[in-house]
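Give me coordinates for this.
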Amino acid sequence: MATTSIRAVNLQLQQLALQNTLAEVTCRLRPGRLTSWFRLQPSAASRTYSLRLDYRHGRRPQVWVVYPHLALHPKSQRLPHIHRDGSLCLWYRGEWADNMLLAHTIVPWTAEWLLHYEVWLATGTWTGGGHAH
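Numbers count the residues shown, from 1 in each chain. As a prediction, the model looks like this:
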């Protein structure tokens, strides 16, 4: 039985999907790399966040909150679900693959992470699941 390989979405298509999904987005496309800056407001009661998404073929997409600076809950010494490089921990290993559109996965997962961050900031309890870092 033959197996069919699922191809990675090319960076130009990733950029087009981001531009068609987000109202405010700036993209920079370089060979093998797409960097995007965009704004998200995870709920009507939320702040608006400025974010940077960096994606290189063959690597995991990374998202950083650029503004506002992420604050700590008064009873915490570190932010939850953040990688060592400061990027957001958005999914379990194996949940994202390069045949998926960033606009349909990483962007909504970022909005969800931000909503859980706001709940954590108010309550001190992370409600987003996942593994501790």
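
burial measure for residue 94, as a count.
Neighbourhood size, residue 94 [other CB atoms under 10 Å]: 6. The C-beta positions use only the backbone N, C-alpha and C, and glycine is treated the same way.

Quick check on it: phi, psi?
Backbone torsions for residue 94, taken as degrees, to the nearest 10, come to phi 90, psi -10.

Give me the pLDDT for it.
Residue 94 is assigned 86 on the pLDDT scale.

go on, residue 5?
If you check residue 5, the pLDDT there is 54.

can you check the one 5 residues further on too?
The model reports residue 10 with a pLDDT of 93.

Show me what the helix ranked longest in the chain is in contact with.
Longest helix of the chain, by residue count under DSSP state H: helix 106-123. The set of residues external to helix 106-123 that reach it, using CB atoms under 8 Å, 6 or more residues apart in numbering, is 18, 21-22, 38, 40, 42-43, 46-47, 49, 51, 53, 55, 61, 63, 65, 70-71, 73, 79-81, 88-91, 96, 125-128.

how about that helix: buried residues?
Using 16 or more other CB atoms under 10 Å as the test for burial, helix 106-123 gives 106, 107, 109, 110, 111, 113, 114, 115, 116, 117, 118, 120.

Sheet partners, orientation included, of the helix or strand hosting residue 34?
Assessed by DSSP states H and E, residue 34 sits inside strand 33-40. According to DSSP bridges, strand 33-40 has the following sheet partners: strand 25-30 (antiparallel), strand 49-56 (antiparallel).

any idea of the angle it forms with helix 106-123?
With axes from the mean of the first three to the mean of the last three CA atoms, to 10 degrees applied, the angle from strand 33-40 to helix 106-123 works out at 50 degrees.

Provide the contact partners of strand 33-40 at residue level.
Here strand 33-40 has contacts from 11, 14-15, 18, 22-28, 48-57, 66, 102, 107, 110-111, 114, using CB under 8 Å, 6+ apart.

Run through the bridge partners of the residue nearest to residue 56 when sequence neighbours are not counted.
In this structure, residue 56 finds its nearest non-sequential neighbour in residue 33, 4.8 Å apart by CB to CB, 6 or more residues apart in numbering. Note on residue 33: beta-bridge partners by DSSP bridges are residue 30, residue 56.
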